[in-house]
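A.B. asks: any chance you could fold what I've pasted below:
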Amino acid sequence: MLRNYIKVAMRNLQRHKGFSFINIFGLAIGMACSILILLWVRDELSYDRFHTNADHTYRIIASLPEFDLHAAISSAPIAQAVRTQIPGVKNAVRLRGFNKGLFQVGDRMFEEEGLLFADSTFFDVFSFPLVAGNPKTALRNPDGIVITESAARKYFGDEPALGQTIVKNHKEDLVVTGVVADAPGNSHIRFDFVQPMTNRARTDRDLKENVWDNFNFATYLLLDESVDTSPEGLKRMGDQIQAIYKENEPVLKVAFALQPLKDAYLHSSYLMADQFARGNVQYVYILTIIAVIILAVACINFMNLATARSARRAKEVGLRKVAGAVRSQIIRQFLAESAVVALLALLLAIVLVVVALPPFNALTEKSLKFDFTDGKMLTWLLIITAATGLVSGSYPALFLSGFLPSKVLKGNLRAGAAGSTFRNTLVVVQFAISIILLVGTGVVYNQLQFIQERNLGFDKENLVYAPMNGDLWSKYRTLRNELERNPFTSRFTIVSDLPTNLVNGTVNAEWERKSPDTQPLFTSLAVDENFADVFGVSIVEGRWFSKDFTADSANFIVNESTLKIMGMDAETAVGQPLMFQDVKGKIIGVVKDFNFQPLQQPIGPLVMGMNRWGGTVVVRTQPGQTDASIDALGDIWEELNPAYPFSYDFVDQSLASLYRAEQRLGTLFNVFSGLAILISCLGLYGLSAFLAERRTKEIGLRKALGASVPSVVYLLSRSFTKPVFIAMVVACPLAWYSMNRWLAGFAYHVQVDWTVFIFAFLVALIIAWVTVSVETFKAARINPAESLRNE
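C.D. replies: Just a heads-up that it's a prediction; the model follows:
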């Protein structure tokens, strides 16, 4: 029986090649898009699950409840205190990321950024396998270093790396004590080199003195399997950590929580500070919905064309029933046909995925693979295919199997009329989906433009920066003199950090009339006397730092948000005493608020002090002289710091990199929206072709009576205009709600403007008219003598 079903299905596909192509190609595009998105979603959801102890590993989240601020960092002594004082904590490890180093082997030097400091328990907590060395002892030698396999090949080629020496920053001779497999792409902790935390303890005050009030380390805990890890159990452990902290630091009002390792990547967008990679679970939801939508649009095409062509197969159904077929057999026949179409579409979809995967990987910055031997992937493909065949074939099967032989064999069935209401509903759904996607594309584009064009409160253009490294720290004054002397670098400033994504902060601040119950977090930035001029920030009240005032080394400049916290206005704030990070001084100026963090976060309080030690050199270049300024900077580096390579970048590009995830989302939105609309157009084209074919004689009669080609085209096209209007009414509230939810993730964003809806409506309407007009124009040009020949 099944063989017969398949044979009949193949005959029908061959008999109606045009409609078969539209169905198969449309479903294939929908499936291919869904498979690509499935690969991406599966990769996002797989982060950190490869660790053997993933289910029992948690990281400490510190919070300031008063201001709803959260960060995945903690102070140096917490790890050991928690490990020894809280039952059920099997192990703990501290990590410190964001490290750079100049590594040298022989006469070859490499400037590396993937340097991680970790406790010796690193390999006990995490499953990063060593291919050489002992994981128990690899991080116990302060002068040791663990490198990845890729780094080993880069530095030593085919020679064994274990025991080799790497010179760091021309000062430290480090012995390779282990070679670790490269961190998987789905690890939120990424590194190329791991140094023992005991090495950093030689120079880091936080580690040497066990400082409790500085939060600079990511702390991970490995819990015993017997520990209650329900939300209530984790809260109790967070309270225990808080109690330990309060015993050692009674002043700071810090709360603690535990975050599962499996949530560290996708569920950390709320954190103001995180040393490692993170994604956004909202984008997983968005793309999953888009995948379902695209597949639904393809299925709607199939259902539309099947019901529209019902009259063509009515007599076939009638004859089958007269021959003794029951309704269930006919339903199985049509479901078998849709299954054959779905299987053929799957084969084509696999080809499309293989072709599209390299550019898709480039777009998403991933290394996704389509593995034909992956049992889970094959299972998902079969589920998608079965669901597609069932969904797209179910209604046509039920609809066609319901025809009565007594009517259809007498020709009493009006062609296509029985399913017109359902068909029109599906057309409305398709257009509604298209309009929602178009609105989403428009809003994402507008927000990205807003990010690029928003006045951040400083001038980001024509700013080149170079991080100070090596011997420049000890030549700070000489460096300033050289920069001032060269006309291409004379407009410069030296800052502790770029004011694009500041994370350094403190609650260590005291001022007059401060409430004892408040403990705000102030972001800190060390600047020099040139900062305001180079970055173009506006001074609201008071003055900027000056060489003429030696006392400025202990004075401060604050932003407007700081005054709101302190309960002051700009006029009265200037001259007020302020003790900040144990330095006593006074406020000498107030600057207008500017964005020093990504736009997802509101502008917070910022306190700036005088920079006397270094950090990053930022030079404002003249238009057309950027290359000359870079060359001049390079010459100064070569003269003062010949042992270290010169590297530079641009402030505007650094800002753009903060929104890479949003830019990827915008591009993916554009691509998948375009494909969804293409699928809709294919179905609309097929539907209009069939309806035009069905009305051939009517068209011939109208033309014989004097109707013009444009009037006939209008007659056939107007039936598709009403669904667009209805779809607009349906789509508007859904699109408005969805995009406002997305925009809520930004502290500063555009409004969902009505022009976006008008744009989406007009685009959908024009696409509908153009798609339908292609086939109706062909039908309208047929000679009436040919169309009426059989009458």
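A.B. asks: okay, which residue is most central for the chain?
C.D. replies: Centroid-nearest residue in the chain: Ala661, 3.5 Å away (criterion: Cα atoms, centre = their mean).
A.B. asks: would you indicate which residues of whichever strand or helix holds that residue are buried?
C.D. replies: Assessed by DSSP states H and E, Ala661 sits inside helix 660-694. For helix 660-694, the neighbour count (16 or more other Cβ atoms under 10 Å) marks 662, 665-666, 668-669, 671-673, 675-677, 679-692, 694 as buried. In short, each C-beta sits where N, CA and C put it, glycine included.
A.B. asks: low pLDDT regions in the stretch 401-550 of the chain?
C.D. replies: 401-420 (pLDDT under 70).
A.B. asks: following element in sequence after the helix or strand of the chain at the bottom of the mean pLDDT ranking, please.
C.D. replies: Lowest by mean pLDDT, DSSP states H and E among the helices and strands of the chain is helix 405-408, with a mean of 55. Toward the C-terminus, helix 405-408 is succeeded by helix 420-453 as the next helix or strand (DSSP H and E).
A.B. asks: what's the angle from that next one to helix 660-694?
C.D. replies: 150 degrees (axes from the mean of the first three to the mean of the last three Cα atoms, to 10 degrees).
A.B. asks: strand partners of the next helix-or-strand element following helix 420-453, parallel vs antiparallel please.
C.D. replies: Beyond helix 420-453 on the C-terminal side, the first helix or strand identified by DSSP H and E is strand 463-467. Strand 463-467 has the following strand partners under DSSP bridges: strand 616-620 (antiparallel), strand 649-650 (antiparallel).
A.B. asks: the lengthiest helix in the chain - contacts with which helices or strands?
C.D. replies: For the chain, the longest helix by residue count, based on DSSP state H, is helix 327-364. Under the contact definition 3 or more Cβ pairs under 8 Å, 6 or more residues apart in numbering; DSSP states H and E, helix 327-364 sits against helix 2-15, helix 17-45, helix 281-308, helix 310-322, helix 375-401, helix 660-694.
A.B. asks: specify the angle between the third one and helix 375-401 in degrees.
C.D. replies: It stands for helix 281-308. Going by the same axes, to 10 degrees, helix 281-308 makes 30 degrees with helix 375-401.
A.B. asks: pLDDT on helix 281-308, on average?
C.D. replies: Averaging pLDDT along helix 281-308 gives 84.
A.B. asks: identify each buried residue in that helix, please.
C.D. replies: 283-284, 286-288, 290-291, 293-308.
A.B. asks: now for that helix, which elements pack on it?
C.D. replies: helix 17-45, helix 327-364, helix 375-401, helix 420-453, helix 660-694.
A.B. asks: moving C-terminal of the longest strand anywhere in the chain, what's the next helix or strand?
C.D. replies: Ranked by residue count under DSSP state E, the longest strand found in the chain is strand 89-105. Per DSSP H and E, the first helix or strand lying C-terminal to strand 89-105 is strand 108-118.
A.B. asks: export that next one to PDB, keeping only CA atoms.
C.D. replies: Taking Å, rounded to 0.1, in the frame of the first residue of the first chain, the C-alpha atoms of strand 108-118 are listed here in PDB:
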ATOM      1  CA  ARG A 108      60.600  35.500  18.000                       C
ATOM      2  CA  MET A 109      58.200  37.700  19.900                       C
ATOM      3  CA  PHE A 110      54.400  37.500  20.100                       C
ATOM      4  CA  GLU A 111      52.000  40.000  21.800                       C
ATOM      5  CA  GLU A 112      49.300  37.800  23.300                       C
ATOM      6  CA  GLU A 113      45.900  38.700  24.800                       C
ATOM      7  CA  GLY A 114      44.500  35.300  25.900                       C
ATOM      8  CA  LEU A 115      46.400  35.200  29.200                       C
ATOM      9  CA  LEU A 116      44.500  33.800  32.200                       C
ATOM     10  CA  PHE A 117      45.600  33.600  35.800                       C
ATOM     11  CA  ALA A 118      44.100  30.700  37.800                       C
END
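A.B. asks: re earlier: okay, the helices and strands packed on helix 281-308 in CSV with distance to Asp206 next?
C.D. replies: Shown next, in CSV, are the helices and strands packed on helix 281-308 (distance: least, Cβ to Cβ, whole Å):
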stretch, distance to Asp206
helix 17-45, 34
helix 327-364, 37
helix 375-401, 44
helix 420-453, 35
helix 660-694, 31
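A.B. asks: of all those helices, which lies closest to Thr621?
C.D. replies: helix 420-453 (19.8 Å; Cβ to Cβ).
A.B. asks: tell me what that closest one is packed against?
C.D. replies: Secondary elements touching helix 420-453 (3+ Cβ pairs under 8 Å, 6+ apart): helix 281-308, helix 660-694, helix 721-743, helix 754-780.
A.B. asks: using CSV, lay out these together with distance to Ser187.
C.D. replies: As requested, the helices and strands packed on helix 420-453 are arranged in CSV below (distance: least, Cβ to Cβ, whole Å):
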stretch, distance to Ser187
helix 281-308, 17
helix 660-694, 18
helix 721-743, 27
helix 754-780, 39
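A.B. asks: packing partners for the helix holding Ala661?
C.D. replies: Short answer (3+ Cβ pairs under 8 Å, 6+ apart): helix 660-694 packs on helix 17-45, helix 281-308, helix 327-364, helix 420-453, helix 709-717, helix 754-780.
A.B. asks: switch the cut-off to 7 Å
C.D. replies: helix 17-45, helix 281-308, helix 327-364, helix 420-453, helix 754-780 (3 or more Cβ pairs under 7 Å, 6 or more residues apart in numbering; DSSP states H and E).
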